[in-house]
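A.B. asks: Using only what follows, build the 3D model:
(2 chains)
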Protein chains: 2
Amino acid sequence: MASLADDLISLIGAARVSSTVEDLAAHSTDKWFASNPPEVVVHAESTEEVSKVMKYANEHRIPVTPQGSRVGYVGGAVPLRGGIALSLARMNKIVEINIADGVAVVEPGVITGELQAAVRELGWFYPPDPASLKECSLGGNVATNAGGPRCLKYGVTRHYVLGLEAVLADGSVVKAGGRCHKNKTGFDLVGLMVGSEGLLGVVTQATLRLIPHPPMRAMLSAGFETFAEAANAVQRILNAGFLPSALEIADKFTLRAAREYLGESVTPQGDAHLLVEIDGQEESVKGELVQLAKLVRELGCISLEEALGDEACERFWKLRREFSYSLRNTGLIKLNEDIVVPRSRLVDLVEFAEALQSECGFPIASFGHAGDGNIHVNIMVQSMDDPAQRERAEAALDQLFRKVIAWNGAITGEHGVGIAKGRWFPEALSAEARDVHSRLKKALDPNGILNPGKFVA
Amino acid sequence: MASLADDLISLIGAARVSSTVEDLAAHSTDKWFASNPPEVVVHAESTEEVSKVMKYANEHRIPVTPQGSRVGYVGGAVPLRGGIALSLARMNKIVEINIADGVAVVEPGVITGELQAAVRELGWFYPPDPASLKECSLGGNVATNAGGPRCLKYGVTRHYVLGLEAVLADGSVVKAGGRCHKNKTGFDLVGLMVGSEGLLGVVTQATLRLIPHPPMRAMLSAGFETFAEAANAVQRILNAGFLPSALEIADKFTLRAAREYLGESVTPQGDAHLLVEIDGQEESVKGELVQLAKLVRELGCISLEEALGDEACERFWKLRREFSYSLRNTGLIKLNEDIVVPRSRLVDLVEFAEALQSECGFPIASFGHAGDGNIHVNIMVQSMDDPAQRERAEAALDQLFRKVIAWNGAITGEHGVGIAKGRWFPEALSAEARDVHSRLKKALDPNGILNPGKFVA
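C.D. replies: From the prediction side, this is the model:
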């Protein structure tokens, strides 16, 4: 009897199929804790190859887990049921950048930051900016509907996907949407694929919307004595008619870790920190920076720094990213939960996290995208291998998610469900909504071979 | 045997069920040409009533056509197979406007313009602005994923729907999404419902995203000698890093009709007209207006007017709306096709329309949302009742749609498919994409009772 690898080799050639120990290990996991080896790794290089593999897998009921750069935070790309790990990483060509049409056509393996840079050189802009943009792929961004700090003004990945080519479970190749900036032809198949975490199809090409790059940007970095004051500033900035490209908040536990890691002098003062970014025409941005600085001062900030232009802003963003490294530097494991609350709940959330910290004994640091209520709540544990700690950590997470759901919040804003959030999926969605998920899954993948073991059976 | 009306009366009461001649006639049609009477009209007043009606209809295999304000342009709300016309017009409460969360919760019958006004009074903004906003309902906007001039900067209705409550064909009530500005919990059920034209479910409540209202806006109204110059100006404005809230273009046939209807003095000079709208903070808008005026002058406009502030801008928009009335004033019937082309094809499109006009003998006027390539091509016919004219008109439309599809354009940008575009739906989508439509339809409406006879069987 021929093995799975032999069959695949005869289908698409030996250069595309691997069962080396290294390859199996590498493709067992992403950036989350779970790991499970596939039986074989396929390195697809064309839509046709993906189609052949899916057709074969569907006929033989073999699990297929699509993978991009495997830098997801929720175990979404872990091949839980073994079978084929279908890597799209080699399909990494930028097929076209067309400024006159305002589109880029890309293969799924293109690294997000590389597309951004290529577009930027032409004076144009691909706004979605997940923190991992230097290593994550656009296919992964599509699979998780990736976000980032600039979503407040610019929206998530979905808003930039005009067209998709996707291979369904049965190997059929579907083109959805197109290269127009508006399209109401039929159901929103593009939207259905975006964020479907590899459960409904394998994206093999995407046509992305580009917009003009704002010629100038500026930032404010403001320290506040209390989190409540910083959260109030978020609301007041919006109420003044500003829709900043980013409004990032950090709590005292985050700042404390930053002080230990980076030093007192670099870290902003106070128990809360707010970053505000605006962009637009040069004179407009300069004027608005003055207006915003005045407003933030009136709102009682205790420290305020300004940045004008790319270079200065990048320094602020670097500091913001180092908040994250500071937490890692504690030596603890960071359970980074990208929950979302209605914006009015920001203060409630941080107070809840503070109480939870006292109760469970783990440090909890919260920071993130305040403008849209998408806060990364980081529960810091010593070990997830120690069963007692793990149990305690999961009990704390249960409490957090229960509260978020009770507030009409969302259990994930931009990372996806994957394995990590699977436990709370049934609580987050009604039985009717889960039934619709099952119906859609069955309609497009009746044998359940695509990324099996995840949030929809 | 009890009649359908009797059954419905016993289900939800006589006050909700009507079979009067007037009601049947009114609910037979929308703003397109097609008309077909329902057997009975249901005026639902709650989600529970909608659910009861759907459950009953599903059990008895009775067609149900959901209706909002019935002001659609493509016959989408025409009950082609009779049965029940399910009007949501009485469900017209604004349930909540919450600025701190940046959301509005509405019933489907709320008139779009009324929500906009209510939100505006609080200094906030619901951007989607279909031309019919004074009479169209938000449920209809959701069903068609309605657009409007401001989509270039602000996006279509989809970008503002955070959560939906929908009743499926079998009467089950599904809550999708929520009230958070970001949500990656499972598949995008909200996106699947938005734009599904009443074929997948009946929307009974929507939670909409609000953004801060920009405190100031301004406009330029520019005349150009040729359409090519105006189209070039569109690209140059974008290349200068501006993303205007609107970039509207009109061709010489539109302007000619306007001159006849409005007079020479009011109508802009030249063979093409460009409207540019920007918004933001007051000083920024003032400065950018000067910059843009300078740019547009350098690009060779032959007339240029500026407007600053709401009142002045509204005068420009009034003129733009009168272009549409001018066409109606010709006494001809306007076949208004909201096609979309890749932005680089704007000049090709207008040249094609000019050639088509010579060939088919009907005047053809093109104007619309240049920034996203969504142009309303209006073929002006004397009568759609005269079979010879109708045939000639349809042949001209065939040519237009064939060309749009060949250019990788879209047959509808914001009106939807309905009945009007049904003929071109199979040409616009591949067999595989249509198969996915059928699978989704079957998954959610296995008996095919929701809005039957439209683009998916």
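A.B. asks: residues contacting A:Val74?
C.D. replies: A:Val74 is in contact with A:30, A:32, A:412, A:415-421, counting by C-beta atoms under 8 Å, 6 or more residues apart in numbering or on different chains. All C-beta spots, glycine's among them, are computed from the backbone N, C-alpha and C.
A.B. asks: A:Gln235: neighbouring residues, count only.
C.D. replies: 18 (other C-beta atoms under 10 Å in any protein chain shown).
A.B. asks: now do A:Ser3
C.D. replies: Neighbours around A:Ser3, by other C-beta under 10 Å: 11.
A.B. asks: And for A:Leu299?
C.D. replies: A:Leu299 has 18 neighbours, counted by other C-beta under 10 Å.
A.B. asks: nearest residue to it other than its sequence neighbours?
C.D. replies: Nearest residue to A:Leu299, sequence neighbours excluded (C-beta to C-beta, 6 or more residues apart in numbering or on different chains): A:Ala233, at 4.7 Å.
A.B. asks: Is that neighbour in a helix, a strand, or coil?
C.D. replies: Assigned with DSSP: H, G, I helix; E, B strand; the rest coil, A:Ala233 falls in the helix class.
A.B. asks: I figured it hits A:Leu220, correct?
C.D. replies: No - using C-beta atoms under 8 Å, A:Ala233 is not in contact with A:Leu220; the gap is 9.8 Å.
A.B. asks: shared neighbours, these two?
C.D. replies: Common neighbours of A:Ala233 and A:Leu220 (C-beta under 8 Å, 6+ apart) are A:274, A:296.
A.B. asks: ok, now which ones touch A:Lys252?
C.D. replies: For A:Lys252, the contact set (C-beta under 8 Å, 6+ apart) comprises A:227, A:271-272.
A.B. asks: correction: A:Arg402
C.D. replies: Counting by C-beta under 8 Å, 6+ apart, A:Arg402 touches A:Glu427.
A.B. asks: ditto for A:Asn58
C.D. replies: A:169-171, A:447, A:449.
A.B. asks: can you check A:Ala5 too?
C.D. replies: By C-beta under 8 Å, 6+ apart, the neighbours of A:Ala5 are A:17, A:19, A:39-40.
A.B. asks: Okay, helices next: where are they in the stretch 351-457 of chain A?
C.D. replies: Secondary structure of the stretch 351-457 of chain A (DSSP state H, counting those that start in this stretch): helices located at A:387-406, A:425-428, A:431-444.
A.B. asks: Make CSV from the ones you listed and add mean pLDDT and distance to B:Gly300 to it.
C.D. replies: Shown next, in CSV, are the helices of the stretch 351-457 of chain A (pLDDT from 0 to 100; distance: least, C-beta to C-beta, whole Å):
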stretch, mean pLDDT, distance to B:Gly300
helix A:387-406, 96, 56
helix A:425-428, 97, 56
helix A:431-444, 98, 52
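A.B. asks: tell me which parts of the stretch 1-150 of chain A are close to chain B?
C.D. replies: A:98-103, A:123, A:144-145, A:147 (C-beta under 8 Å from any C-beta of the partner chain).
A.B. asks: Can you name the two of the residues you listed that sit furthest apart?
C.D. replies: Taking C-beta to C-beta as the measure, the residues of the stretch 1-150 of chain A next to chain B span a maximum distance of 30.4 Å, between A:Ala100 and A:Thr144.
A.B. asks: Which of the two has more residues huddled nearby?
C.D. replies: A direct count of neighbours by other C-beta under 10 Å for A:Ala100 and A:Thr144 places A:Thr144 higher, at 30 against 14.
A.B. asks: re the thing from before, which members of the contacts of A:Ala5 occur in strands, if any?
C.D. replies: A:17, A:40 (DSSP state E).
A.B. asks: Could you dump the contacts of A:Ala5 into CSV with distance to A:Gly140, pLDDT and neighbour count added?
C.D. replies: Shown next, in CSV, are the contacts of A:Ala5 (distance: C-beta to C-beta, whole Å; pLDDT from 0 to 100; neighbours: other C-beta atoms under 10 Å in any protein chain shown):
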residue, distance to A:Gly140, pLDDT, neighbour count
A:Val17, 22, 98, 22
A:Ser19, 24, 97, 16
A:Glu39, 22, 98, 18
A:Val40, 21, 98, 25
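A.B. asks: ok so, going back, between the contacts of A:Asn58, which is nearest A:Val381?
C.D. replies: Checking the contacts of A:Asn58 against A:Val381 by C-beta to C-beta gives A:Ile449 as the nearest, at 34.8 Å.
A.B. asks: Looking at the contacts of A:Lys252, which is nearest chain B?
C.D. replies: A:Phe227 (15.8 Å; C-beta to the nearest C-beta).
A.B. asks: Ignoring the adjacent residues along the chain, who's closest to the closest one?
C.D. replies: Nearest non-adjacent residue to A:Phe227, counting by C-beta to C-beta, 6+ apart: A:Ala272, 4.2 Å away.
A.B. asks: okay, now the residue of the stretch 51-200 of chain A found nearest chain B: neighbour count?
C.D. replies: In the stretch 51-200 of chain A, the residue found nearest to chain B is A:Gly191; the distance is 3.1 Å by C-beta to the nearest C-beta. Neighbours of A:Gly191 under the rule other C-beta under 10 Å: 26.
A.B. asks: Same check on A:Asp385?
C.D. replies: Residues near A:Asp385, counting by other C-beta under 10 Å: 9.
A.B. asks: wait, doesn't A:Thr29 sit right on A:Pro38?
C.D. replies: No - A:Thr29 is not in contact with A:Pro38 according to C-beta under 8 Å; the separation is 10.6 Å.
A.B. asks: Can you pick out the residue with more neighbours from the two?
C.D. replies: Using other C-beta under 10 Å as the criterion, A:Thr29 and A:Pro38 rank with A:Pro38 on top: 27 against 18.
A.B. asks: List the contacts of the more buried one.
C.D. replies: A:24, A:27-28, A:65, A:79, A:82-85.
A.B. asks: at 6 Å instead, please
C.D. replies: Contact partners of A:Pro38, counting by C-beta atoms under 6 Å, 6 or more residues apart in numbering or on different chains, are A:27, A:79, A:82, A:85.
A.B. asks: Contact partners for the residue lying closest to the first one once chain neighbours are set aside?
C.D. replies: So that's A:His27. Once flanking residues are discounted, A:His27 sits nearest to A:Ala85: 4.0 Å by C-beta to C-beta, 6+ apart. Going by C-beta under 6 Å, 6+ apart, A:Ala85 touches A:27, A:38, A:41, A:65, A:67, A:79.
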